[in-house]
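Participant: Got a predicted structure plus its sequence, pasted below:
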Amino acid sequence: MDFGFTAEQDQLRAQVRRFLDAECPLERVRELAASDQPLDRALWKTTADLGWHALVVPESHGGLGLAWEDVVVVAEETGRSLFPSPFIATAAAARLIAKLGSDSQKDRWLPAIAAGECTAAIAVTEENDIPYETGVEMKASSDGASVALSGIKMFVPDGQSADLLLVVAREGEGLSVLAVPGEAAGVTREPLRLVDTTHRAARVTFERVVVDASARLGAAGTAADAVRDALDAQTVALAAEMVGSAQSALDLAVEYAKVRKQFGQPIGRFQGVKHKLAEVHVAIESARSLTYYASWAVDNVADAATHVSMARVFAGEAVDRAGEECVQTHGAIGFTAECDAQLFYKRGRFSRNLGATPSWHNERILTSQGL
């Protein structure tokens, strides 16, 4: 089987790279990360005009109807630039709406997402910090005509700027997904301080938020499989972002090793430097291969859990190690705020446990193999 990218996907990658190099170099990334505004709406609309947000939206609802592999192409490049954006969160939410929503719900939200008029996020993790759907304790109570929600969701990706929150809650014997406007009465969004300032997340409190029953995606208590699918897809895109960030960290370290001289020669000639960077390269390539396969698996394999978690574990380790070696290669200057190396170090530290810890994913791999 040929797992190479198509010519169209290569063109998409080149388009994303050109845009980010021109419009969002690291100087601009620093400005966006330091801004009090959770989202640059003008920049978001520009990326929508380039077609990024329409990738996995069905053609019947104003999108391009492409595969999750195309999202991964974009995510890897945004990771290379540390681009602060709710792209992945919104794409995962669009996938969940497309799989679970009614025709009227798709008509309402998917065209707006494709056009860049709506950002969205899946709100699943709670204060118990148990990943995926297994940690959901929030309950939805329905009187038939409306549904009430009370509780707290933690680390909602880009939750402070999300126009639409897809809230996962327990209803009856299963899980339901409720589409709640970000500005709905009773919703309080508190930005969280993260070690990686290029990522944003929020603590979202729901104080008896009441929505119409038509806001429920699918039948009550039947959303578990669709939620798991969307979270797996989101995890793969995050792994691709990590691979991209790791590659940039390695590139930055290699370039510095070529020009920084010690004892009359570039430090890149010393085995203690070049061997470590070579090991990082191997780790990145391993993570990249697993991530590309997982991006195909979430659309084509009945149970992609093993592939998703393997990609996530390897990518998390690769970006963490790449960020650390980037700082170590730069020496004392690597720890300063002025040096870009510290941005990648923070990305690695944050990404390692993003969404779920490596131990959780390793346990998931073993469980899926019956071990």
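Facilitator: On my side now, so go ahead. Because the structure is a prediction, the values reported are computed rather than measured.
Participant: Going by C-alpha atoms from here, please, whenever you check contacts or count neighbours.
Facilitator: Fine.
Participant: What's the local residue count around residue 140?
Facilitator: Residue 140 is flanked by 25 other residues according to other Cα atoms under 10 Å.
Participant: Can I take it that it is in a strand?
Facilitator: Yes - according to DSSP: H, G, I helix; E, B strand; the rest coil, residue 140 belongs to a strand.
Participant: from what I can see it touches residue 174, true?
Facilitator: No - between residue 140 and residue 174 there is no contact under Cα atoms under 8 Å: 10.6 Å.
Participant: in this structure, which spans are strands?
Facilitator: With DSSP state E as the criterion, the chain has strands at 120-123, 139-142, 146-157, 164-171, 174-181, 187-191, 201-212, 216-217, 261-262, 265-266.
Participant: and among those, the most buried is which?
Facilitator: strand 120-123 (a mean of 28; mean count of other Cα atoms under 10 Å).
Participant: Which residues does that strand contact?
Facilitator: 86, 89-90, 92-94, 113, 153-154, 156-159, 162-168 (Cα atoms under 8 Å, 6 or more residues apart in numbering).
Participant: Could you do stretch 323-342 as well?
Facilitator: Residues outside stretch 323-342 that contact it (Cα under 8 Å, 6+ apart) are 26, 246, 249-250, 252-253, 256-257, 273, 276-277, 344-349.
Participant: Okay, and which of the residues you listed map to helices?
Facilitator: 26, 246, 249-250, 252-253, 256-257, 273, 276-277, 344-349 (DSSP state H).
Participant: pLDDT below threshold where in the stretch 201-350 of the chain?
Facilitator: Within the stretch 201-350 of the chain, no stretch has pLDDT under 70.
Participant: If we use 90, what do you get?
Facilitator: In the predicted model, the stretch 201-350 of the chain carries pLDDT under 90 at residues 259, 261-264, 266-269, 271-272, 302-303, 332, 335.
Participant: Format the strands of the chain as TSV; extra columns: distance to residue 285.
Facilitator: Output for the strands of the chain, formatted as TSV (distance: least, Cα to Cα, whole Å):
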stretch	distance to residue 285
strand 120-123	30
strand 139-142	42
strand 146-157	27
strand 164-171	34
strand 174-181	37
strand 187-191	34
strand 201-212	29
strand 216-217	39
strand 261-262	28
strand 265-266	25
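Participant: Setting aside sequence neighbours, what's the nearest residue to residue 86?
Facilitator: residue 158 (5.8 Å; Cα to Cα, 6 or more residues apart in numbering).
Participant: doesn't residue 89 make contact with that neighbour?
Facilitator: Yes - at 7.3 Å, residue 158 counts as touching residue 89 under the criterion of Cα under 8 Å.
Participant: measure the closest residue to residue 365 other than its chain neighbours to residue 314 for me?
Facilitator: Leaving aside its chain neighbours, residue 365 sits nearest to residue 306 (5.0 Å; criterion: Cα to Cα, 6+ apart). In this view, residue 306 and residue 314 are 12 Å apart by Cα to Cα, to the nearest Å.
Participant: Pull out the buried positions in stretch 356-365.
Facilitator: Neighbour-count burial for stretch 356-365, counted by 16 or more other Cα atoms under 10 Å, picks out 356-358, 361-362, 364-365.
Participant: In contact with the nearest residue to residue 224 once chain neighbours are set aside, which residues?
Facilitator: Sequence neighbours aside, residue 175 is the residue nearest to residue 224 in space, at 5.5 Å (criterion: Cα to Cα, 6+ apart). Counting by Cα under 8 Å, 6+ apart, residue 175 makes contact with 168-169, 220-224.
Participant: Need phi/psi at residue 353.
Facilitator: phi -110, psi 20 (degrees, to the nearest 10).
Participant: per-residue pLDDT, the closest residue to residue 51 other than its chain neighbours?
Facilitator: Take residue 51 and drop its neighbours on the chain: the residue closest to it by Cα to Cα, 6+ apart is residue 114, 7.5 Å away. pLDDT for residue 114: 97.
Participant: Could you check how many residues crowd around the residue nearest to residue 86?
Facilitator: Neighbourhood size, residue 158 [other Cα under 10 Å]: 26.
Participant: contacting residues for it?
Facilitator: Residues near residue 158 by Cα under 8 Å, 6+ apart: 38, 85-86, 89, 121, 199-202.
Participant: could I get those as a markdown table with distance to residue 108?
Facilitator: Below are the contacts of residue 158 laid out as a markdown table (distance: Cα to Cα, whole Å):
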| residue | distance to residue 108 |
| --- | --- |
| 38 | 24 |
| 85 | 23 |
| 86 | 20 |
| 89 | 18 |
| 121 | 16 |
| 199 | 28 |
| 200 | 26 |
| 201 | 25 |
| 202 | 25 |
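Participant: Residue 16: which of the residues you listed is nearest?
Facilitator: Nearest to residue 16 among these is residue 85, at 13.4 Å by Cα to Cα.
Participant: who does residue 175 bridge with?
Facilitator: Beta bridges link residue 175 to residue 170, judged by DSSP bridges.
Participant: Which segments of this protein make up each domain?
Facilitator: Recorded structural domains for the chain (assignment: automatic domain parsing) are 7-114, 120-219, 225-368.
Participant: What distance separates the opening and closing residues of the first one?
Facilitator: Meaning domain 7-114. Terminal-residue distance, domain 7-114 (Cα to Cα): 23 Å.
Participant: same deal with the longest one?
Facilitator: By Cα to Cα, the extent of domain 225-368 from end to end equals 15 Å.
Participant: For that domain, what is the distance to the chain centroid?
Facilitator: Distance of domain 225-368 from its chain centroid, counting by Cα atoms, centre = their mean, to the nearest Å, is 14 Å.
Participant: switch to numbering from 50
Facilitator: Understood, numbering begins at 50; the last thing we discussed is domain 274-417.
Participant: What are the boundaries of the helices in the stretch 50-199 of the chain?
Facilitator: Counting by DSSP state H, counting those that start in this stretch, the stretch 50-199 of the chain has helices at residues 56-72, 75-83, 90-98, 117-130, 136-149, 152-163.
Participant: Lovely, talk soon.
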